[in-house]
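> Sharing a model prediction with you, sequence too.
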Amino acid sequence: MLQSLGVGADATTVYLELIAEPGAGPAELAARSGLAEHEFNQAVAQLDRFGLIEPVDPGQAAQTVLRLADPELAFS
């Protein structure tokens, strides 16, 4: 689905892992995705560029947490 929008395979993997584990931190998502660190970072950057994820303000959490963007906004 996401690949038809131009989202790469690695970014799609990270997105699906985030659906499976909402609120997971980057380290957990990277481990779950099976991607190397640089691949994971590139995937997260791509998801961010597409507006599909948003980081939680570090002031609100002990560590950076990624969350899915509102689908109505992301896909509009």
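Yep, that arrived. Fair warning: this is a prediction, and the values are worked out from it, not measured in the lab.
> the helices in the protein, which residues?
In the chain, helices defined by DSSP state H lie at 9-20, 26-33, 37-49, 71-74, listed in chain order.
> What are the buried residues along the first one?
This points to helix 9-20. Counting neighbours by 16 or more other Cβ atoms under 10 Å, one finds that the buried residues in helix 9-20 are 10-15, 17-18. Heads up, the C-betas are built off the backbone N, CA and C, glycines and all.
> Adding pLDDT and distance to H38, write these out as JSON lines.
Formatted as JSON lines, those follow (pLDDT from 0 to 100; distance: Cβ to Cβ, whole Å):
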{"residue": "D10", "pLDDT": "96", "distance to H38": "10"}
{"residue": "A11", "pLDDT": "94", "distance to H38": "13"}
{"residue": "T12", "pLDDT": "94", "distance to H38": "17"}
{"residue": "T13", "pLDDT": "95", "distance to H38": "15"}
{"residue": "V14", "pLDDT": "93", "distance to H38": "13"}
{"residue": "Y15", "pLDDT": "91", "distance to H38": "18"}
{"residue": "E17", "pLDDT": "92", "distance to H38": "17"}
{"residue": "L18", "pLDDT": "89", "distance to H38": "19"}
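> now, which of these sits nearest R49?
Distances from R49 to these, taken as Cβ to Cβ, are shortest for A11 (9.3 Å).
> Would you enumerate the residues in contact with the closest one?
Neighbouring residues of A11 by Cβ atoms under 8 Å, 6 or more residues apart in numbering: 2, 42-44, 46-47, 50.
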